[in-house]
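A.B. asks: From the sequence below, what's the structure:
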Amino acid sequence: MAKDLNKVLVIDLEATCWDSDPPPGQKNEIIEIGLCVLDLKTGEREKHGRLVKPVESRVSEFCTSLTTITQEMVDSEGISLQDALHWLNEFKPRKRAWASWGDYDRVQFDRECQRKALTVPFGRTHLNIKHLFAVMTGLSREIGVGQALEKVNTTFEGTPHRGADDAWNIAGIYARILGVGDESRIPETRVRKSGA
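C.D. replies: Below is the predicted model of the structure:
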């Protein structure tokens with residue numbers, strides 16, 4: 001159970017991907033970890049990110065077109081996943097709740113860490129902001145980050161499908177849901193009322 005409830009770690013991963021099945025012998029691997037620390041009292045956000053060098057796959061042209069991340073970038077700037085997990089430990093991930101847009105990031109961490117015999121750095125408290133946003137706004141289905149930003153009358157800041165920028169924007173949506181900091185609450189007409 002998370003013990004420090006003043007801050008949430010919002011995580012967004014980018015991973016190797018292809019426009020069809022992976023090439024023989026290659027597996028989806030984390031190539032970027034984006035992190036935004038959201039202060040739940042003030043709404044202040046801190047953005048961080050690290051590129052991760054894959055060892056079981058290569059960055060495809062399709063992946064680069066989606067994320068702007070190239071094989072050359074991860075070769076020259078990327079660190080090992082193990083080093084990236086050590087870096088995450090600086091943010092006290094076992095003592096804080098962590099969140100992501102959907103379950104993909106949680107599942108990718110679990111799957112890849114298990115495959116590589118690494119310890120997942122987070123505690124058990126994971127918040128699915130994608131689901132929470134749908135419930136809080138009375139939607140009949142979950143939607144993407146871009147659509148959610150439109151619903152709260154704001155635009156994406158940064159480059160889509162880059163970990164740190166995605167985490168920053170997701171943290172902004174979460175601040176809106178909570179009504180903390182400079183972010184105003186979601187308009188009352190969009191928030192589902194109990195008994196409605």
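A.B. asks: quick one, longest helix in this structure?
C.D. replies: helix 163-178 (DSSP state H).
A.B. asks: If you count contacts, what does that helix end up packed against?
C.D. replies: Under the contact criterion of 3 or more Cβ pairs under 8 Å, 6 or more residues apart in numbering; DSSP states H and E, helix 163-178 touches strand 4-15, strand 30-39, strand 45-51, strand 96-100, helix 129-136, helix 145-151. In short, each C-beta sits where N, CA and C put it, glycine included.
A.B. asks: Just to check, Gly158 is in contact with Asp165?
C.D. replies: Yes - counting by Cβ atoms under 8 Å, Asp165 is a contact partner of Gly158 at 2.9 Å.
A.B. asks: Mind checking which of these two has more residues around it?
C.D. replies: With neighbours defined as other Cβ atoms under 10 Å, Gly158 and Asp165 compare such that Asp165 has more, 19 against 13.
A.B. asks: ok, now how distant is that one from Gly49?
C.D. replies: To Gly49, Asp165 is 8 Å away according to Cβ to Cβ, to the nearest Å.
A.B. asks: now Asp166
C.D. replies: In terms of Cβ to Cβ, Asp166 sits 10 Å off from Gly49.
A.B. asks: Need the residues touching each of the two.
C.D. replies: Residues touching both Asp166 and Gly49 (Cβ atoms under 8 Å, 6 or more residues apart in numbering) are Gly34.
A.B. asks: More neighbours: those two, which one.
C.D. replies: Each of Asp166 and Gly49 has its neighbours counted (other Cβ under 10 Å); Asp166 has more, 28 against 18.
A.B. asks: before we move on, the earlier item: now the common contact residues for Asp165 and Gly49.
C.D. replies: With Cβ under 8 Å, 6+ apart as the test, Asp165 and Gly49 both reach Gly34.
A.B. asks: For Gly179, grab the count of nearby residues.
C.D. replies: 12.
A.B. asks: Next, the contact list for Asn28, please.
C.D. replies: Ala15, Thr16, Cys17, Pro22, Ser57, Gln108, Glu112.
A.B. asks: now with 6 Å?
C.D. replies: Ala15, Thr16 (Cβ atoms under 6 Å, 6 or more residues apart in numbering).
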